[in-house]
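S.K.: I would like the atomic coordinates for the input below:
(chains A and B)
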Amino acid sequence: MYLLRRGWAELKNEVFVLPSRTLVLAWVVALLALPAVYGDAYVLRILTMTCVFAIFAASWDLLAGYTGQVNFGHALFFGAGAYASALLSLRLGLSPWATIWAGAAVATLVGVFVGYLCLRLRGSYLSLATLAFPLIALGLLFAFPGFSGGELGISGLRRLALTPTANYYIAAVSMLAIVFALRKLADSRFGIVLHAIRDDEVAARASGINTPRYKLAVFAVSAAAAGFAGALLAHYIRIAGPSSLEVALSFQVVIWGIFGGGATIYGPVAAVFLLYPLTEWLGSFRAVGELRLLAFAVIVLLVLLFMPRGLAPWVRDRIETQCPRCKQRNGAWKRLCRLCGAPLQAEVARAQRLVGHQ
Amino acid sequence: MLQDILVTGLVNGGVYALLAIGFSLIFGVARIVNIAHTAFYMLAAYCFYALLVKANLGFVLSAVIAVGAVTLVSVVCYRLVIEPVREHEAAVLIATIALALIFQELMLLTFGGHYLGIPSTLEGMVRILGVSIPYQRLLILVVAAAALTLVWFVLYRTRLGLAIRATANDLEVANLMGMNVNRVAMATVAISVALAAVAGVVVAPVFVVDPFMWLAPLVTMLAIVVLGGLGSLKGSLIGALIIGYVEAITVFALPAGAYLKGAVALLIMVAVLLARPEGLFGVAFEEER
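M.R.: Here you go, the predicted model:
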């Protein structure tokens, strides 16, 4: 009983005071409760894919949004995870539960390797150089079809679980765990250092931060998450094909990341949860099925014209304000800061208008 | 085989140079990483196909109209889509990706996904050094050389070129000196897309035209530009020739070379970047704050 009351108090004081936290809670509850309420296999399939891509987009955001290493070849890590897991599982007959972790480990190694090569590059050079890596890998795959399955990929993998609901829960729970872990990491001291590296690498180095080590670490973490997503998808759709390395996938994750809003983690995840089911839903109509990608691009373009900083920051600015004194966030309806009692931005602006200050 | 390599490398290098120099120009002046650059090249090829095969307009007229129309489209796109989000680099980036996807899908809808062939502008071939070169490939080379000379003339011998180079050098100072930076950026977009369109038109009869033809040259072009140094025109030209020859050598000399040609070209780019992070002819800029 005490724990229950304590839990309710925590919930009321920490979650319900902010609309964004309430939204996140509602999203988590909806995600976990969905199969019980609406167990349509098609919907579950779409949402499973959405969860996998959400991990992928969140991992890109840690690398590009926080650290400023705008990676145009993020599909490399996804594909490395998928292929490593598929090869291990098929050639050595290991259980998918083990090979998914092995896939993530291989992706981590690949991430450290790419990160090491890219340490000296910055800005656009880094973006364009990273674009090359998945294509080099793709060329090698096609050149040795006996080992990699060539254009057809490696098919006939073992499933993780047999029922759609079980598969959905595997994807959803691992997505929630990874996304919250990434968010926690990005909010910690480590994340602050990443912000510093993005904003001014020279100043960060001058402040005694070992920037190469941090960049390598972030490449490793991001690649591990992306590789995990890739391996998960490979075992879900039971094939690891060259499409997991294509430029299209790399661009797709860039679109998700920027559309959702960089350096937030939850932004790209929200973008995936909006855009991926939307494109699938559009594709289900016969009339617009062919227009799917076109509609996707037009929507992205239009939304960007109105919210160039991305979707999530735009929404957050509408429903919350920042306290000018203590920098804590408040619901948009509040007049005084909930923590320090200072009048909020809107209030200050109104007072200034009345007095006639400039 | 040596002669084959020499000729193919030169012709491909010419086409790549047209694409890479245009991309470099836009990047230098407006700091736009224009992913849609090769989509305009694809658009020009389709436009040329429609005018030539469907409307029977004749080679020269269709080529001129195609280049003009695509340039116009690019300027409109720039005004409508890129300029409103110019301050947000990330937004510009995905705006160009979205544009490329839109063009691809539009072409897929109008012309279908199959390969379209265009009859050669010039039939017959000439023998040089024992290699027979179709006139069409020779035409590519001549047009590329002419277009590049024209761009060189515009950039280094006209007031507009001076403004473009000044803006590329320092946007804020150029603005303070009274240049209309937005106008200059628009002119640069027009010039660079015109180059891509020319490339699309001359290449169309040699390659086949399909809605996904923009992806492969996009990657090669990016490799060239990074190899030569972002924003450096000389670097783009030399990088284009290097990559053109490397691809030709891989295709002719290695088994399974056709699969590996992209990989080898990109490996060379990565190797150059590791030795010189700012590319062959790039200038290591002071960190902008």
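S.K.: Give the rounded mean pLDDT of the biggest helix by length in chain A.
M.R.: In terms of residue count, the longest helix belonging to chain A (DSSP state H) is helix A:211-237. Averaged across helix A:211-237, pLDDT comes to 95.
S.K.: can you count the residues close to the residue of chain A found nearest chain B?
M.R.: Using Cβ to the nearest Cβ, the point where chain A gets nearest to chain B is A:G139, with a distance of 2.9 Å. Backbone N, C-alpha and C define where each C-beta goes, glycine included. Neighbourhood size, A:G139 [other Cβ atoms under 10 Å in any protein chain shown]: 22.
S.K.: same deal with A:D40?
M.R.: By other Cβ under 10 Å, 12 other residues sit near A:D40.
S.K.: any idea which element the residue most central in space within chain A lies in?
M.R.: Closest residue to the average C-alpha location of chain A: A:A58 at 1.5 Å, with Cα atoms, centre = their mean. Here A:A58, judged by DSSP states H and E, is contained in helix A:41-61.
S.K.: Retrieve the pLDDT associated with B:S192.
M.R.: On pLDDT, B:S192 comes in at 95.
S.K.: check contacts around the residue lying closest to it once chain neighbours are set aside.
M.R.: Among residues not flanking B:S192 along the chain, B:G22 sits closest, at 3.4 Å (Cβ to Cβ, 6 or more residues apart in numbering or on different chains). With contact set as Cβ atoms under 8 Å, 6 or more residues apart in numbering or on different chains, B:G22 has these partners: B:37, B:191-196.
S.K.: before we move on, what SS does B:G22 have?
M.R.: Counting by DSSP: H, G, I helix; E, B strand; the rest coil, the backbone at B:G22 sits in helix.
S.K.: how near is it to B:T188?
M.R.: Applying Cβ to Cβ, to the nearest Å, the value for B:G22 to B:T188 is 9 Å.
S.K.: Same question for B:A258.
M.R.: Per Cβ to Cβ, B:A258 is found 35 Å from B:T188.
S.K.: Now do the strands in the stretch 51-200 of chain A.
M.R.: A:154-155 (DSSP state E, counting those that start in this stretch).
S.K.: Around chain B, pick out the residues from it.
M.R.: By Cβ under 8 Å from any Cβ of the partner chain, the part of the stretch 51-200 of chain A that sits against chain B consists of A:70, A:117, A:120-122, A:124-125, A:127-129, A:131-133, A:135-136, A:138-140, A:142-143, A:200.
S.K.: Next step: the residues you listed restricted to helices.
M.R.: Judged by DSSP H, these include A:117, A:124-125, A:127-129, A:131-133, A:135-136, A:138-140, A:142-143 as members of helices.
S.K.: Quick one: buried ones out of these?
M.R.: Neighbour counting with 16 or more other Cβ atoms under 10 Å in any protein chain shown marks A:117, A:124-125, A:127-129, A:131-133, A:135-136, A:138-139, A:142-143 as buried within those.
S.K.: Select, from those residues, the two members most distant in space.
M.R.: Spatially, the most separated pair among these is A:S124 and A:A143, at 29.3 Å (Cβ to Cβ).
S.K.: A:G156 - nearest residue in space that isn't next to it in sequence?
M.R.: Nearest to A:G156 is A:R238, by Cβ to Cβ, 6+ apart, at 6.6 Å.
S.K.: what do you get for B:M221?
M.R.: Residue nearest to B:M221 in three dimensions, not counting chain neighbours: B:L19, with 4.6 Å by Cβ to Cβ, 6+ apart.
S.K.: pretty sure the residue of chain A closest to chain B is in contact with B:A265, am I right?
M.R.: No. Proximity of A:G139 to B:A265 does not meet the contact threshold set by Cβ atoms under 8 Å, at 9.4 Å.
S.K.: For chain A, what's its nearest residue on the stretch 151-289 of chain B.
M.R.: As assessed by Cβ to the nearest Cβ, chain A sits closest to B:A263 within the stretch 151-289 of chain B, at 2.9 Å.
S.K.: dump the residue contacts of that residue.
M.R.: By Cβ under 8 Å, 6+ apart, the contact list for B:A263 reads A:135-136, A:138-140, A:143.
S.K.: A strand includes it, no?
M.R.: No. Looking at B:A263 with three-state DSSP, it is helix, so not inside a strand.
S.K.: So it versus A:W281, what's the distance?
M.R.: Distance of B:A263 to A:W281, given as Cβ to Cβ: 37 Å.
S.K.: just to revisit the earlier point, separation between the residue nearest to B:S192 and A:A26?
M.R.: Distance of B:G22 to A:A26, given as Cβ to Cβ: 49 Å.
S.K.: ok so, going back, which one of the contacts of B:A263 is nearest B:L155?
M.R.: Using Cβ to Cβ, A:L135 comes nearest to B:L155 of the contacts of B:A263, at 31.5 Å.
S.K.: Low-confidence regions, chain B specifically.
M.R.: B:121-122, B:128-130, B:256-257, B:283-289 (pLDDT under 70).
S.K.: Okay, helices next: where are they in the stretch 101-250 of chain B?
M.R.: B:135-157, B:159-169, B:171-176, B:181-203, B:215-228, B:233-253 (DSSP state H, counting those that start in this stretch).
S.K.: Extract the CA atoms of the second one and return them as CSV.
M.R.: The reference is to helix B:159-169. Backbone C-alpha positions of helix B:159-169 (Å, rounded to 0.1, in the frame of the first residue of the first chain) are rendered in CSV as follows:
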residue,chain,number,x,y,z
ARG,B,159,31.4,40.4,-63.1
LEU,B,160,28.9,37.7,-62.2
GLY,B,161,31.8,35.2,-61.9
LEU,B,162,33.7,37.7,-59.7
ALA,B,163,30.6,37.9,-57.4
ILE,B,164,30.3,34.2,-57.3
ARG,B,165,33.9,33.7,-56.4
ALA,B,166,33.7,36.5,-53.8
THR,B,167,30.6,34.9,-52.2
ALA,B,168,32.3,31.5,-52.1
ASN,B,169,35.3,33.1,-50.4
